[in-house]
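Asker: Just need the structure, nothing else, for what follows:
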Amino acid sequence: MPSRIGVTLPAMIDVVDHGAIRELRLARPPVNALDPGLIAALRAALAGAAAAGREAVVLSGAPGRFSGGLDVPALLQLDRAGIQRLWVDFFGLMRDLAASPVPIATAITGHSPAGGAVLALFTDYRVFADGPFMVGLNEVQVGLTLPPVVLRALTFTVGERQAARLGAGGYLLSPAEALRWGFVDEVAAPEEVVPRALAWCTETLARPRGAMSATRSMARRPLVAAFDELGTQSLDAMVDNWFAPEPQATLRSLAARLKKTSA
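Answerer: The predicted structure follows:
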């Protein structure tokens with residue numbers, strides 16, 4: 001039986017143990033948007049799972065909403081130094097996922113645009129809820145250039161040609177489309193998304209552990225290497241892109257629409 005455990009993190013991550021598998025459930029209403037606090041909480045929760053000796057991890061979200069991506073209204077309040085810290089921490093989270101010593105499955109429980117899709121891309125296996133949900137990297141639709149490490153993860157997942165089309169087009173995909181393009185590995189009924197992610201973890205852990213872990217590490221090496229190649233100039237370019245007139249105008253328009261929707 002799963003067991004809930006207490007954590008010292010802010011109430012942004014619900015931690016549920018399923019035997020050797022730890023579920024980390026994003027819990028920042030209303031849409032699990034990624035702000036500096038949630039990014040820090042998730043990094044701490046991943047480290048906590050490793051420290052507790054958990055053998056696999058499942059990332060999940062709320063029914064109908066895995067993550068709404070970066071918290072654009074909150075991030076628009078940050079100055080250049082704040083945005084730079086945000087990118088450093090977010091890239092640190094991506095690398096934590098890519099270099100995880102244990103398998104990670106993502107139970108994409110609903111909508112997952114942009115930053116939410118990025119998290120899923122850096123995990124080993126993705127199960128997407130069937131229904132009126134969308135997933136994808138729509139950064140270019142708001143005037144942001146897709147970071148090279150994210151494009152590398154997309155290419156790793158769907159192949160070069162498909163990554164070029166999805167990345168440059170900024171498409172959001174339905175469950176059927178995401179499965180067809182290879183963006184996700186499985187589509188399941190909403191109530192089965194977490195159980196299917198847990199089942200994949202259980203099946204993976206049943207393999208001879210040394211052989212599985214070594215092969216997995218070799219296979220994921222290109223993802224980790226992409227971060228080792230990331231330099232200060234790349235981060236500076238991303239900050240410059242964030243504050244450029246076109247993305248700023250588009251992001252502020254998006255923030256205004258979000259405010260009206262939540263009012």
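Asker: Spit out the contact partners of the closest residue to residue 110 other than its chain neighbours.
Answerer: Once flanking residues are discounted, residue 110 sits nearest to residue 64: 3.8 Å by C-beta to C-beta, 6 or more residues apart in numbering. In short, each C-beta sits where N, CA and C put it, glycine included. Residue 64 sits next to 109-111, 129, 131, 133, 190 when contact means C-beta atoms under 8 Å, 6 or more residues apart in numbering.
Asker: which residues of the stretch 151-263 of the chain score low on pLDDT?
Answerer: Within the stretch 151-263 of the chain, the stretches with pLDDT under 70 are 231-233, 260-263.
Asker: what ranges do the strands span in it?
Answerer: Ranges of strands in the stretch 151-263 of the chain, per DSSP state E, counting those that start in this stretch, are 186-188.
Asker: Sort out for me which of the contacts of residue 64 are in strands.
Answerer: Using DSSP state E, the subset of the contacts of residue 64 located in strands is 110-111, 129.
Asker: Where does residue 146 sit: helix, strand or coil?
Answerer: Here residue 146 is coil, with the state taken from DSSP: H, G, I helix; E, B strand; the rest coil.
Asker: re earlier: how about the residue nearest to residue 110, phi and psi?
Answerer: Dihedral pair for residue 64: phi 90, psi -10, per degrees, to the nearest 10.
Asker: which secondary structure elements does the helix or strand where residue 97 lies contact?
Answerer: Element membership of residue 97 [criterion: DSSP states H and E] is helix 80-98. The contact analysis (3 or more C-beta pairs under 8 Å, 6 or more residues apart in numbering; DSSP states H and E) places helix 80-98 against helix 36-51, helix 115-121, helix 148-158, helix 221-228, helix 232-243.
Asker: how far out from the middle of the chain is it?
Answerer: 12 Å (C-alpha atoms, centre = their mean, to the nearest Å).
Asker: again, but for stretch 94-109
Answerer: Relative to the centre of its chain, stretch 94-109 is centred 8 Å away, using C-alpha atoms, centre = their mean.
Asker: got the end-to-end distance for it?
Answerer: Taking C-alpha to C-alpha, to the nearest Å, stretch 94-109 runs 19 Å from one end to the other.
Asker: hmm, back to that, mark which of the contacts of residue 64 are buried, thanks.
Answerer: For the contacts of residue 64, a burial check counting by 16 or more other C-beta atoms under 10 Å picks out 109-111, 129, 133, 190.
Asker: Widest-spaced pair of those residues?
Answerer: Longest distance between any two of the buried ones among the contacts of residue 64 is 11.9 Å, between 111 and 190; criterion C-beta to C-beta.
Asker: which strands and helices sit next to the helix or strand containing residue 25?
Answerer: Secondary structure assignment for residue 25, by DSSP H and E: strand 21-26. For strand 21-26, the packing partners by 3+ C-beta pairs under 8 Å, 6+ apart come out as strand 13-18, helix 36-51, strand 56-60, helix 193-205.
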